[in-house]
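S.K.: Below is the structure, and that's it, no one-letter string:
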């Protein structure tokens with residue numbers, strides 16, 4: 001867990017104390033499935049959720065493009081290998 005000195009740069013002392021208390025409750029409830037779920041962090045706002053969804057969509061699109069480019073590169077490499085083996 002981050003130290004207070006390190007976390008205090010990002011959150012107020014009151015927020016830090018609340019996070020530590022929720023984290024302690026989370027750790028206590030972690031091994032007991034009968035305990036309710038303890039959330040350490042605040043829920044994201046609708047705007048942040050929309051931005052997160054946009055990032056996921058863009059990442060998915062980039063992953064597809066990367067996959068397609070890798071297929072093209074493999075096909076080109078296979079074609080070059082065939083040409084080289086015919087020339088020998």
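M.R.: Structure's in. What do you need? Predicted model only: the values in this text are computed from it and were never measured.

S.K.: mean confidence for stretch 55-74?
M.R.: Summarised as a single mean, pLDDT over stretch 55-74 is 96.

S.K.: how far does that stretch sit from the chain's center?
M.R.: Stretch 55-74 has its C-alpha centroid displaced from the chain centroid by 17 Å (Cα atoms, centre = their mean, to the nearest Å).

S.K.: Contacts for that stretch next, please.
M.R.: Applying Cβ atoms under 8 Å, 6 or more residues apart in numbering, stretch 55-74 has no contact partners. (Glycine included, C-beta is placed from N, CA and C.)

S.K.: swap in stretch 35-43?
M.R.: Taking Cβ under 8 Å, 6+ apart as the rule, stretch 35-43 contacts 19, 22, 23, 25, 26, 28, 29.

S.K.: Over to residue 57. Which of the three states is it?
M.R.: What DSSP: H, G, I helix; E, B strand; the rest coil gives for residue 57 is helix.

S.K.: Can you tell me how far it is from residue 67?
M.R.: According to Cβ to Cβ, to the nearest Å, residue 57 and residue 67 sit 16 Å apart.

S.K.: between the contacts of stretch 35-43, which has the most around it?
M.R.: The most crowded member of these, judged by other Cβ atoms under 10 Å, is residue 19 (17 neighbours).
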